[in-house]
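Q: Pasting the sequence and the predicted coordinates here, then a few questions.
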Amino acid sequence: MAAQYDPSDGVGQLTELMRADRTDRVDDTPPPVDRVARRRRRRRRAITTAAVFLVVAATVGGYVGWALNAPVGAPTASTSLPDPAPGPAAAIALPPDGVSAIEVSGGDDYFGPDAAATLWPAVGGDDPRPIASITKLITALVILDKKPLAASEAGPTLTFDKADHALYDKYYVLGASIAAMPTGSSMSQHDALEMMLVVSACNYAEAVAEWAFGSQDAFLSATKRWLAANGLTHTRIVESSGIDPRNTSTPSDLIALGKIAMANPVVAEIARLPRLDVPGHTGGNTNTLLGTAGVVGLKTGTLEATGANLLYSARLEVRIGHPLEITGVVLGGFSRDTVDRDVTALLSSISDGFHTVRVGGKGDVVGTYSTPWGASAQLVLASDSTVYTWSDTPITATMTTTDVKSGRSGEVVGSVTYTAGDSTDTVQLVLDADIEPPDAWWRLTHPTQLG
């Protein structure tokens, strides 16, 4: 008998199971594509990407623009203050003979107000010594105190009598300086003072003193009072001409006397006359240094037993507008010629002690301006510099600098001032080269150093 399909057999059951499995399985077939949604998603991604790019580009572009245009710090200066060397020390040629002293006025800016004691030491002490015809300066000043004159004023007329004429013979016997004084002759007070101060006529000194005071005793009493009133307490006068060696003074008193004499317009005017200006009389000034080494006065005095003396006044034009007024004295020199030589050497050595000192030269480097990006330029003197000074007076320098503006070669960026005493010179400081600005790469890579 033929076999039939039985759903309950194994084959049938397997067949049913396979069908059931296909029915229960999830459908893996992709859904249909939504093209509109896809376009929307792509558009959103594009917009987001563009926005990010723009933000980044804007940030980078802003930084670059800022970095390329931001201010940078000013160059900083590194300086070395000049230390100029002083000039050579002066060698003062003090007189080798006798006793001497000197005082200088008008030089405080060079020497300092307290320098006189060390710069101008007295030689030989300050004891009283015979002053010879320097006495006639005191006689003239005492007479003018009693019978004052204005500068260039002739004054009253003196007429000389027989007693005055006899003075010529008196002093001739003593070997003193004399000048003719005929009985009955006359001259003005001013001319009579010339006779005693220019040619140092002893007979005129005594005659004019007696004319002014009536007697030698009265003159000597007035002289004692005048000396005390003027602080010349170490000066002693026993007669009017200086022929007596007991007329004595000290170098310090004589320095003071010289200043008093030059302050009197009549005496100063007469003391600087190279020759007599008196009608009927001739003769040169016994002070043969007049007109030499700046000497403008005052009075010689010589005694054979005590040597040659000179009280002098000099004006040294060491610098225009800054003269030195010098008062000096030499007592007991070997001769008038040696005294003149020694005083000339002394005054010349003072003049020679002043000099122009070169303290800086054009192009001298005194510093550097440098920048964080490595550019630099040197600070140099724009011109030569000199100061006028005395001896080895210290020279100081002060410097100021300014901010760099253009950074170009030749830009003025400060100054240096050199000072010695009252002499100063200010020199500009300039850049010796351009200070190059930073390049773009340095700016982009150094943001913390940008302003």
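A: The structure has been received and is ready for your questions. Please read all numbers here as calculations on a predicted model, not as lab measurements.
Q: Okay, now stretch 365-377: how far is its last residue from its first?
A: 10 Å (C-alpha to C-alpha, to the nearest Å).
Q: now do stretch 244-257
A: 19 Å.
Q: So which bits of that stretch are buried?
A: By 16 or more other C-beta atoms under 10 Å, the buried positions in stretch 244-257 come out as 244, 247-251, 253-257. No exception for glycine: its C-beta is placed from N, CA and C like everyone else's.
Q: Tell me which residues are up against that stretch.
A: With contact meaning C-beta atoms under 8 Å, 6 or more residues apart in numbering, stretch 244-257 is reached by 99-103, 122, 124, 126-132, 134-135, 137-138, 230-239, 303, 305-306, 311, 327-329, 331.
Q: what is the rounded mean pLDDT of that stretch?
A: Averaging pLDDT along stretch 244-257 gives 96.
Q: repeat for stretch 415-435
A: 89.
Q: Straight-line length of that stretch, end to end?
A: Start-to-end, stretch 415-435 (C-alpha to C-alpha) is 19 Å.
Q: Could you check that stretch and say which residues are buried?
A: Buried-residue list, stretch 415-435, by 16+ other C-beta under 10 Å: 415-416, 418-421, 423, 425, 427, 429-431, 435.
Q: The closest residue to residue 78 other than its chain neighbours: neighbour count?
A: The spatial neighbour of residue 78 that comes closest, neighbours along the chain excluded (C-beta to C-beta, 6 or more residues apart in numbering), is residue 368 at 5.1 Å. Residue 368: 17 surrounding residues under other C-beta atoms under 10 Å.
Q: Let me know whether residue 368 touches residue 76 as I believe.
A: No: when contacts are counted by C-beta atoms under 8 Å, residue 368 is not listed as touching residue 76 (9.2 Å).
Q: quick one: average pLDDT of stretch 169-186?
A: 94.
Q: could you say which helix or strand contains residue 44?
A: helix 35-69 (DSSP states H and E).
Q: what helices or strands is the helix or strand following that helix leaning on?
A: Using DSSP H and E, the next helix or strand after helix 35-69 towards the C-terminus is strand 76-79. Counting contacts by 3 or more C-beta pairs under 8 Å, 6 or more residues apart in numbering; DSSP states H and E, strand 76-79 is packed against strand 365-370, strand 396-401.
Q: I'd like these laid out as TSV, including distance to residue 203 and mean pLDDT.
A: Converted to TSV, the helices and strands packed on strand 76-79 look like this (distance: least, C-beta to C-beta, whole Å; pLDDT from 0 to 100):
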stretch	distance to residue 203	mean pLDDT
strand 365-370	71	90
strand 396-401	60	91
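Q: and among the ones you listed, the most buried is which?
A: strand 365-370 (a mean of 18; mean count of other C-beta atoms under 10 Å).
Q: how far does that one sit from the chain's center?
A: Its chain's C-alpha centre lies 26 Å from the corresponding centre of strand 365-370 when counted by C-alpha atoms, centre = their mean, to the nearest Å.
Q: which other helices and strands contact it?
A: By 3+ C-beta pairs under 8 Å, 6+ apart, strand 365-370 packs against strand 76-79, strand 376-381, strand 396-401, strand 423-431.
Q: quick one: contacts of that strand?
A: 75-82, 376-381, 399, 401, 404, 413, 416, 429, 431-432, 435.
Q: ok, now stretch 173-182?
A: 133, 160, 164-165, 167-168, 171-172, 195, 199-204, 207, 241, 243, 281, 283, 286, 304.
Q: ok so, going back, figure out which of the helices and strands packed on strand 76-79 is closest to residue 319.
A: Checking the helices and strands packed on strand 76-79 against residue 319 by C-beta to C-beta gives strand 396-401 as the closest, at 18.9 Å.
Q: could you give the angle of the helix or strand just after the closest one to strand 396-401?
A: Next in sequence after strand 396-401, counting helices and strands by DSSP H and E, comes strand 412-420. With axes from the mean of the first three to the mean of the last three C-alpha atoms, to 10 degrees applied, the angle from strand 412-420 to strand 396-401 works out at 170 degrees.
Q: elements contacting strand 412-420?
A: Using 3+ C-beta pairs under 8 Å, 6+ apart, strand 412-420 is in contact with strand 354-360, strand 376-381, strand 385-390, strand 396-401, strand 423-431.
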